[in-house]
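K.L.:
need coordinates for the following:
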Amino acid sequence: QVQLVESAGGLVQAGDSLRLSCVASGRSFSTLSMGWFRQAPGKEREFIAAISWVGAKTYYADSVKGRFTISRDNAKNAVYLQMNSLRPEDTAVYYCAARRNGATTDALDYGYWGQGTQVTVSS
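P.N.:
Got it, this is the predicted structure:
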C-alpha cells in the first residue's frame, strides 16, 4: 500500500512561483511512476506532469510546458512540482498520484492519490 501526502499549496499572485511536494510511504517508491493532476471547480481532473520510475523520464501537459517542472528524489520518497510564472488559470486543487509501471497521462491509470492541495493564483 502507498500513501501520498502533499505539501500545502497557497495563495500567490500571477507571475509568482510555488513548489509542491508529495511524500510517499512505503519502501518501493523508486519503482513508482508519479504524476501531478489538478482539478478546477466545475472542470474535470486534468493531467499536469508525470515522471517515470525508470530513467526519470518526464511528461507535461501543453498548458504547463516550460513553466512547471516535475522531479523526484528517491532517497526522500518525494516528488516535486516546481511551478513558475503562475497564472490565474492555474488555480485548482492539485493532486499527487502514483502507479506501478510506466508513467502515463491518464488519471485512471493511477491507483494511489494524495488528498489534494489548493493552489490559488490571483491576478
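K.L.:
going forward, measure contacts between C-alpha atoms and count neighbours the same way
P.N.:
OK.
K.L.:
ramachandran angles for the residue nearest to residue 100 when sequence neighbours are not counted?
P.N.:
Distances taken as Cα to Cα, 6 or more residues apart in numbering put residue 32 closest to residue 100, at 4.8 Å, once the chain neighbours are dropped. Backbone geometry at residue 32, expressed as degrees, to the nearest 10, gives phi -100, psi 140.
K.L.:
count of neighbours near residue 32?
P.N.:
Applying other Cα atoms under 10 Å, we find 22 residues neighbouring residue 32.
K.L.:
retrieve the pLDDT associated with it.
P.N.:
Residue 32 carries a pLDDT score of 94 in this model.
K.L.:
what's it in contact with, if anything?
P.N.:
Each residue near residue 32 by Cα atoms under 8 Å, 6 or more residues apart in numbering is listed here: 52-53, 98-102.
K.L.:
likewise residue 88?
P.N.:
Here residue 88 is in contact with 14, 120-123 (Cα under 8 Å, 6+ apart).
K.L.:
now the residue nearest the centre of the chain, which residues is it bridged with?
P.N.:
The centre of the chain sits closest to residue 36, judged by Cα atoms, centre = their mean, with a distance of 2.3 Å. For residue 36, the beta-bridge partners are residue 49, residue 96 (DSSP bridges).
K.L.:
just to check, it is in contact with residue 52?
P.N.:
No: judged on Cα atoms under 8 Å, residue 36 makes no contact with residue 52 at a distance of 12.0 Å.
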